[in-house]
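Participant: here is a sequence together with a model predicted from it:
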Amino acid sequence: MRRTRQQGNPQKADLPDSGPSREQEQFLYLTRLAWALRTRGLAISVQLPRRAEPCVSVQRESGPLVVRAALLGERWIFTWGRGRDRWGDVLDEDAPERVWEVSQ
């Protein structure tokens, strides 16, 4: 028996493509960062907790360094730790280098 879609009940595929969701963008930025840090020889993991923000966890002797991607206004940034200098624009080519330096 063939299933038919009910009229008046739009499916996601019926809606115009508006690009990636906020969560998809966040995941994309985190995985790009994770890959860049991996190529620098760091042990990393991308974590997708059920009830918290996704993050990249960088393994280090003093404990993990947690990096998050956050939307600040209309701009995506990475944040790690506390302090005014513990952030960087996700599109900044030096962002992985800055995270690498902090993780040492």
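Facilitator: Cool, the structure landed.

Participant: so which helix or strand takes in Thr79?
Facilitator: Following DSSP states H and E, one finds Thr79 within strand 75-80.

Participant: helices or strands up against the helix or strand following that strand?
Facilitator: Sequence-wise, the next helix or strand downstream of strand 75-80 (DSSP H and E) is strand 87-89. The contact analysis (3 or more C-beta pairs under 8 Å, 6 or more residues apart in numbering; DSSP states H and E) places strand 87-89 against strand 75-80, helix 95-103. No exception for glycine: its C-beta is placed from N, CA and C like everyone else's.

Participant: now do the buried residues in the strand holding Thr79.
Facilitator: Across strand 75-80, burial judged by 16 or more other C-beta atoms under 10 Å covers Trp76, Ile77, Phe78, Thr79, Trp80.

Participant: okay, helices next: where are they in this protein?
Facilitator: 22-38, 95-103 (DSSP state H).

Participant: just the buried positions in the shortest one, please.
Facilitator: Using 16+ other C-beta under 10 Å as the burial criterion, the residues of helix 95-103 that qualify are Ala95, Pro96, Arg98, Val99, Trp100, Ser103.

Participant: of the residues you listed, closest to Pro20?
Facilitator: Taking C-beta to C-beta as the measure, Pro20 lies nearest Ala95 of the buried residues of helix 95-103, at 19.5 Å.

Participant: any idea what the closest residue to that closest one other than its chain neighbours is bridged to?
Facilitator: Once flanking residues are discounted, Ala95 sits nearest to Gly88: 4.1 Å by C-beta to C-beta, 6 or more residues apart in numbering. Counting by DSSP bridges, Gly88 is bridged to Phe78.

Participant: gap between Gly88 and Gly19?
Facilitator: 23 Å (C-beta to C-beta, to the nearest Å).

Participant: equivalent analysis for Leu65, please.
Facilitator: Counting by C-beta to C-beta - Leu65 and Gly19 are separated by 30 Å.

Participant: same deal with Leu48?
Facilitator: From Leu48 to Gly19 the distance is 21 Å (C-beta to C-beta).

Participant: who has more neighbours, these two?
Facilitator: Leu48 (11 against 6; other C-beta atoms under 10 Å).
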